[in-house]
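Novice: sequence below, structure please.
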Amino acid sequence: MRPREMFRPKPRWSIIIAAALFLVALFLAVQWAEGPALPDGFASANGRLEATQVDIATKRAGRLDHVTVREGDLVQQGQVVARMDVRSLEANRRQAQAEFQQAVQAMHAAEAKVAQQESAVEFAAAEFKRSQSLVNQKLIPQQVADLDRSKLRTERAGLKAAQATVSQAEASIAAVQARIDSIQTELDDSILRSPVMARVLYRLAEPGEVLPVGGKVVTLMDLSDVYMTAFLPTRQAGQVRLGSPARIVLDAKPGVALPARISFVSPKAQFTPKEVETATEREKLMFRIKAHVDPRLLENHFGGIATGVPGTLYVRLDPHAEWPEALKPPKPQE
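Specialist: Next up is the predicted model:
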C-alpha cells in the first residue's frame, strides 16, 4: 500500500446522517408546534385558556370571622365561603326588636284611647241632641245646649288626637321594622356566598383580619364561563360569525380537540399584541375573538380546569368545510 493512500480522508457519513436526522427532527417539531395542516376554509391562532374570575368581597367594613374554603376547593352556587364578625349587628338587632315591641304597645294604647274617645263622642252627641230638644221645647235655657255643643266639639277633637296618635304609633312601628330589616340585610350580607359554581383560585384574607368596605376575601373561577381568546387577521376575522363552531387544542394534551363555539368577535381592530405570533409580519391589525368551551369536557379530559394553559384555537370559516380528522372532537367517555 502506498503511503499517500494510507492517509486519504474517508467520507464522514456519520456526520451527514446526524445532520439529516437533526433536520428531520426540526421539521417534525415545527410541524407539531404549528399543529395539524389546515385545509381551505379554516383558520388558527394561538391563545390561552381563561375563565371569568369572581371576587367575593365584603359589603361593609368589619372583622373576618372565618373562611370555610381553601385554594383549589370546588364550591357550589350559594355555598358559604366566609363569615364576618356580626356581634355588634346582632346587638343592634336585639335593641331594635325591643323598640319594636315598645312601639306595638304604644299603638295598642293609642287604639284604646281612640275607642274611649269614640264612646265619649257618642255620649256627648246624645247629650247635645237631648239638650237641643229641650231647648226647642223651652224647658231649659239655651246656655245648657251651648255647653253640650262645646263638650261635643271637645270630645271630637280628642278623638282626632287619639287617631293621630295611632298613626304615629304605626309609623314608629314601620320605622323600627325597616331598621330591623336593614340590620337583617347586613347580617345576611355578612355571610359571603358563592354566586356560581366555581373553583377557589385565591384565598386573599384570613380570620381575624379587619377588612374595609369592598375588601376581597376569595377569588373564584367561574366554571360555567371557560373560554380561549385569540387574534385573527382582518381577512380571516371578517369570515367568523358568532356561534360558529371551533376547536381548542391545548398544549397540555395536543391529541384532544375540544369543541367550542365562537362567542365574541371584536367590532374593532387593534395592533398585533406582542404575545401573538402571526403568519406574516405584515399582518399588523388583528381582531380579537373568543370561543367558549364546555367545562365538563375539560373536567373529563384534563381532570380539572387550569387557566393560563396555552393552546391553539381553530375556527371554521367555511360552514361547508369538513373538519380534519385530527380536529374531530373526542368520543364521550362511558
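Novice: CA atoms for contacts and neighbours, from now on please.
Specialist: Fine.
Novice: show me where the protein has helices.
Specialist: Here the chain has its helices, by DSSP state H, at 3-6, 13-34, 87-136, 142-189, 234-237, 295-302.
Novice: nearest to Ala198, of those helices?
Specialist: Nearest to Ala198, of all the helices of the chain, is helix 295-302, at 10.9 Å by C-alpha to C-alpha.
Novice: can you list the weak-confidence ranges in the stretch 151-300 of the chain?
Specialist: For the stretch 151-300 of the chain, applying pLDDT under 70 flags the ranges 270-284, 298-300.
Novice: returning to what we had before: nearest to Val196, of the helices of the chain?
Specialist: Closest of those to Val196 is helix 295-302, at 13.6 Å (criterion: C-alpha to C-alpha).
Novice: before we move on, the earlier item: want to try TSV for the helices of the chain, with distance to Ser263 and mean neighbour count as columns?
Specialist: Written out in TSV, the entries for the helices of the chain read as follows (distance: least, C-alpha to C-alpha, whole Å; neighbours: other C-alpha atoms under 10 Å):
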stretch	distance to Ser263	mean neighbour count
helix 3-6	74	8
helix 13-34	24	12
helix 87-136	44	16
helix 142-189	33	17
helix 234-237	13	16
helix 295-302	15	14
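Novice: to Val226, which of these lies closest?
Specialist: Closest of the helices of the chain to Val226 is helix 295-302, at 6.4 Å (criterion: C-alpha to C-alpha).
Novice: circling back: could the helices of the chain go into a markdown table alongside distance to Val249?
Specialist: Rendered in a markdown table, the data for those read as follows (distance: least, C-alpha to C-alpha, whole Å):
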| stretch | distance to Val249 |
| --- | --- |
| helix 3-6 | 59 |
| helix 13-34 | 11 |
| helix 87-136 | 52 |
| helix 142-189 | 41 |
| helix 234-237 | 19 |
| helix 295-302 | 11 |
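Novice: quick one: closest of these to Thr58.
Specialist: Evaluated with C-alpha to C-alpha, the helices of the chain place helix 142-189 nearest to Thr58, the distance being 7.8 Å.
Novice: thinking again about what came up before, between the helices of the chain, which one is nearest to Gly72?
Specialist: Ranking the helices of the chain by proximity to Gly72 (C-alpha to C-alpha) places helix 295-302 first, at 13.9 Å.
Novice: if we can go back for a sec, Leu220: which of the helices of the chain is closest?
Specialist: helix 295-302 (14.9 Å).
Novice: rewinding a little: out of the helices of the chain, flag the one nearest Thr312.
Specialist: Distances from Thr312 to each of the helices of the chain were compared using C-alpha to C-alpha; the shortest belongs to helix 13-34, at 8.8 Å.
Novice: what is the burial count for the closest residue to Val218 other than its chain neighbours?
Specialist: Beyond its immediate neighbours in the sequence, the residue positioned closest to Val218 (C-alpha to C-alpha, 6 or more residues apart in numbering) is Arg203, lying 4.5 Å away. Other residues near Arg203 come to 17 when the count uses other C-alpha atoms under 10 Å.
Novice: residues in contact with Arg203?
Specialist: For Arg203, the contacting residues are Arg70, Glu71, Val217, Val218, Thr219, taking C-alpha atoms under 8 Å, 6 or more residues apart in numbering as the criterion.
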